[in-house]
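Student: The following block contains a protein sequence and its predicted model.
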Amino acid sequence: MARYFRPIPLHDPAAVPGARVLADGWCRFTQVEVLSRDAVSRVVPVEAVPQDVLARLTAPRADICDVSLDAPRIMGILNLTPDSFSDGGRFNAPDAALRRVQEMLETGADMLDIGGESTRPGAVEVPAGEEIARTVPVIAALRAGGVTAPISIDTRKGVVAKAALAAGAGVVNDISGLHFDPGLAQVAADAGVPVILMHSEGVPETMQDDPRYDHVLLDVYDALEAAVTRAEAAGIPRHRIMVDPGIGFGKRDPHNLALLTRISLFHGLGCGVLLGVSRKGMIGRIADVDPPEARGAASAAVGLWALSQGIQMLRVHDIEVHRQMISLWSTASGAAPGAGL
């Protein structure tokens, strides 16, 4: 019977005897929740955790393109699409994109995520040539304009990733977890760049039709572990991999909430963890707020919960509201680099 070990994070300022530091970050833990598919969960002391599991839970996470993961980080979203759910068409021209990127960097983004294919529910696939035409000139223009911040290319396709990396991107963010185009892993491996592997079920066009899971938390964990294994087999070491549970991608609200509630489980993969919930439909339904542009504060509230669980990076639209949230929360809780935990 497979067992899964979820650290129960602590961030009280009091020194807790025997506490271990989670992923060399800002959370500690003295207990873990043991989960399985065939038994009721139980809580055990950290001393009961197998040494190989404990090593993954506590090991430092490597920098992603010189962005350290020992403090909460922000990935700013730049959609170069006509049909993304909240900002489609607003930043497609290189000059508009440059202005938006400068604004994001000035307000606190640590990394940029640029995509030329909408992956909202119901979206149809964009041909690779069109995706390249949308993204590569903008990436090149950003580099020519003096932007030095790390750029992630949000794509499922190896040929798009290769063109974007040649233009100046330094990270590959694949929503399919290397399922859509198996060749994408080799592109990233050959380039020696980090990858972000997200969990999704099916393709955007049909992923919300009837998503089903036996145990969504453990199913997603297993799928991400398999994605990491595929990446390693292609030559991408684990320290260059981040994972993303894929909120809203082939998941209904109960699935999303089950993942968020116990999101600290994903530290067991030994990788940095990224969370993208910004402005998503679940946010609007739970907070009863529309349009998507009005969901910044509600998105930051979910992000705050994720940070309390040790999640290292948030992928967001509203940089300033998240910067404020992180700044105040980090100051109050001591979640800062080298916080002395």
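Tutor: Sure thing, it's come through.

Student: List the residues that contact residue 58.
Tutor: By C-beta atoms under 8 Å, 6 or more residues apart in numbering, the residues touching residue 58 are 20-24. All C-beta atoms are positioned from the backbone trio N, CA, C, and that covers glycine.

Student: Need the contact partners of the top strand by length along the chain.
Tutor: Longest strand in the chain by number of residues (criterion: DSSP state E): strand 73-79. Contacts of strand 73-79 with the rest of the structure, by C-beta under 8 Å, 6+ apart, involve 67, 87-88, 90-91, 97, 100-101, 104-105, 108-115, 118, 138, 152, 274, 278, 312-317, 319, 322-323, 326.

Student: What pairs with that strand, parallel or antiparallel?
Tutor: Taking DSSP bridges as the criterion, strand 73-79 forms sheet pairs with strand 111-115 (parallel), strand 313-316 (parallel).

Student: Run through the neighbouring helices and strands of the helix or strand just after it.
Tutor: Downstream of strand 73-79, the first helix or strand assigned by DSSP states H and E is helix 94-106. Contacts defined by 3 or more C-beta pairs under 8 Å, 6 or more residues apart in numbering; DSSP states H and E place helix 94-106 against strand 73-79, strand 111-115, helix 128-144.

Student: ok, and for the helix or strand of the chain with the lowest mean pLDDT, which residues are buried?
Tutor: When the helices and strands of the chain are scored by mean pLDDT, DSSP states H and E, helix 94-106 comes last with a mean of 88. By neighbour count on 16 or more other C-beta atoms under 10 Å, the buried set for helix 94-106 is 94, 97-98, 100-101, 104-105.

Student: export that helix as CSV, just CAs?
Tutor: The C-alpha coordinates for helix 94-106 follow below in CSV (Å, rounded to 0.1, in the frame of the first residue of the first chain):
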residue,chain,number,x,y,z
PRO,A,94,5.7,44.5,-28.8
ASP,A,95,5.4,48.1,-27.6
ALA,A,96,2.3,47.3,-25.4
ALA,A,97,4.1,44.1,-24.2
LEU,A,98,7.2,46.1,-23.2
ARG,A,99,5.2,48.6,-21.3
ARG,A,100,3.3,45.9,-19.4
VAL,A,101,6.5,44.0,-18.6
GLN,A,102,8.1,47.1,-17.3
GLU,A,103,5.1,47.7,-15.1
MET,A,104,5.2,44.2,-13.8
LEU,A,105,8.9,44.3,-13.0
GLU,A,106,8.6,47.7,-11.3
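
Student: Give me the residues contacting that helix.
Tutor: 76, 78, 80, 90-91, 112, 137-138, 141-142, 145, 147, 149, 319.

Student: Report the angle between it and strand 111-115.
Tutor: 150 degrees (axes from the mean of the first three to the mean of the last three C-alpha atoms, to 10 degrees).

Student: For residue 294, find the nearest of the helices and strands packed on helix 94-106.
Tutor: Closest to residue 294 of the helices and strands packed on helix 94-106, according to C-beta to C-beta: strand 73-79, at 16.3 Å.

Student: starting at the chain centroid, how far to the closest one?
Tutor: 10 Å (C-alpha atoms, centre = their mean, to the nearest Å).

Student: Which positions in the top helix by length along the chain come out as buried?
Tutor: Taking DSSP state H as the criterion, the chain has its longest helix at helix 216-234. For helix 216-234, burial by neighbour count (16+ other C-beta under 10 Å) applies to 216-221, 223-225, 227-228, 230-231, 234.

Student: So what angle separates the directions of the least confident helix or strand of the chain and helix 128-144?
Tutor: Using the same axes, to 10 degrees, helix 94-106 lies at 60 degrees relative to helix 128-144.

Student: So, low pLDDT: which residues of the stretch 51-200 of the chain?
Tutor: 83-92 (pLDDT under 70).

Student: Pick out the residue closest to the middle of the chain.
Tutor: residue 274 (2.2 Å; C-alpha atoms, centre = their mean).

Student: Give me the residues contacting whichever strand or helix holds that one.
Tutor: Following DSSP H and E, one finds residue 274 within strand 272-275. Contacts to strand 272-275, defined as C-beta under 8 Å, 6+ apart, come from residues 23, 61-62, 64, 69, 75, 196, 198, 241-245, 247, 263, 266-267, 303, 306, 310-315.

Student: can you check stretch 45-56 too?
Tutor: For stretch 45-56, using C-beta under 8 Å, 6+ apart, the contacting residues are 5, 18-20, 29-32, 57, 267-270.

Student: got the end-to-end distance for that stretch?
Tutor: Using C-alpha to C-alpha, to the nearest Å, one end of stretch 45-56 lies 16 Å from the other.
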